[in-house]
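Asker: One predicted model, sequence on top.
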Amino acid sequence: MTPISLACDCGNVVLHIAPRPAPPQGNRIICHCNSCRAFARLLGRTDVLDSADGSDILQIRCDRLSIAKGAEDIAALKLSPKGLSRWYAACCNTPLGNTTGGPGFPFFGALVHGIVAKDTLGPVLARVNIPKERPLPQGLPATEGRTTAAFAGVFTIMLSGWLARAQKRNPLFPNGKPLAPPRLVSLAEKETAYA
């Protein structure tokens, strides 16, 4: 089966996701949290957000991910010392996805922006982490599930990953160390990104 390609905008970085025989290819959500929005802003890439400032994310087990090209251009940042590692292509500042802060969790949240064959991924289950102070605009496409189903999907990914020891095969943490040490964002940068 042909892998699902996740590429940066300039094409220097290409990640592959091992496909399942049929959709859904993972747990697909649109996240509206302030941190996902700040990540896009820090990279100057608000174009990857939808009209409601949401990030379309395909959550998968990390052992389905491989680096096909451009490992040397992959970088990471963290918004807080204990926060997620947010991976991007440094060549063109394309957000790629996120992992937990270290290698212990068998999880990768791929930003769907870089996936060409979006129609093969399956439906969006839910919009999650909507800030109370930022109601969603009218007319957004409906989702296929509920927030509880989306969170149950993450739990399933994690549990199956731990049982399979998938975290030992995370290409972003070869030998348990980050491929690129995440840069901790400064307080001034955070204030601007969260504004």
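Answerer: Right, received. Where do you want to start?

Asker: which stretches of the chain form strands?
Answerer: 4-7, 14-17, 27-31, 55-60, 65-69, 74-78, 85-89, 94-99, 108-111, 126-128, 183-184 (DSSP state E).

Asker: Tabulate those strands in a markdown table, adding columns for distance to Phe39, mean pLDDT and mean neighbour count.
Answerer: The way it works is simple: take the backbone N, C-alpha and C, and place the C-beta from them, glycine included. Converted to a markdown table, the strands of the chain look like this (distance: least, Cβ to Cβ, whole Å; pLDDT from 0 to 100; neighbours: other Cβ atoms under 10 Å):
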| stretch | distance to Phe39 | mean pLDDT | mean neighbour count |
| --- | --- | --- | --- |
| strand 4-7 | 16 | 98 | 21 |
| strand 14-17 | 17 | 98 | 21 |
| strand 27-31 | 10 | 96 | 25 |
| strand 55-60 | 8 | 98 | 23 |
| strand 65-69 | 18 | 98 | 16 |
| strand 74-78 | 8 | 98 | 20 |
| strand 85-89 | 5 | 98 | 25 |
| strand 94-99 | 6 | 98 | 25 |
| strand 108-111 | 9 | 98 | 27 |
| strand 126-128 | 15 | 92 | 19 |
| strand 183-184 | 12 | 97 | 13 |
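
Asker: and of the ones you listed, who's closest to Leu42?
Answerer: strand 74-78 (6.8 Å; Cβ to Cβ).

Asker: ok, longest helix in the protein?
Answerer: The helix spanning the most residues in the chain, taking DSSP state H as the definition, is helix 147-163.

Asker: Which pLDDT value goes with the residue lying farthest from the centre of the chain?
Answerer: Distance from the centre of the chain peaks at Gln138, with 25.4 Å (Cα atoms, centre = their mean). Gln138 is assigned 80 on the pLDDT scale.

Asker: what's the spacing between it and Cys62?
Answerer: 37 Å (Cβ to Cβ, to the nearest Å).

Asker: What are the contacting residues of stretch 185-195?
Answerer: Residues from elsewhere that reach stretch 185-195, judged by Cβ atoms under 8 Å, 6 or more residues apart in numbering: Asn34, Arg37, Ala38, Phe39, Arg41, Leu42, Leu77, Lys78, Leu79.
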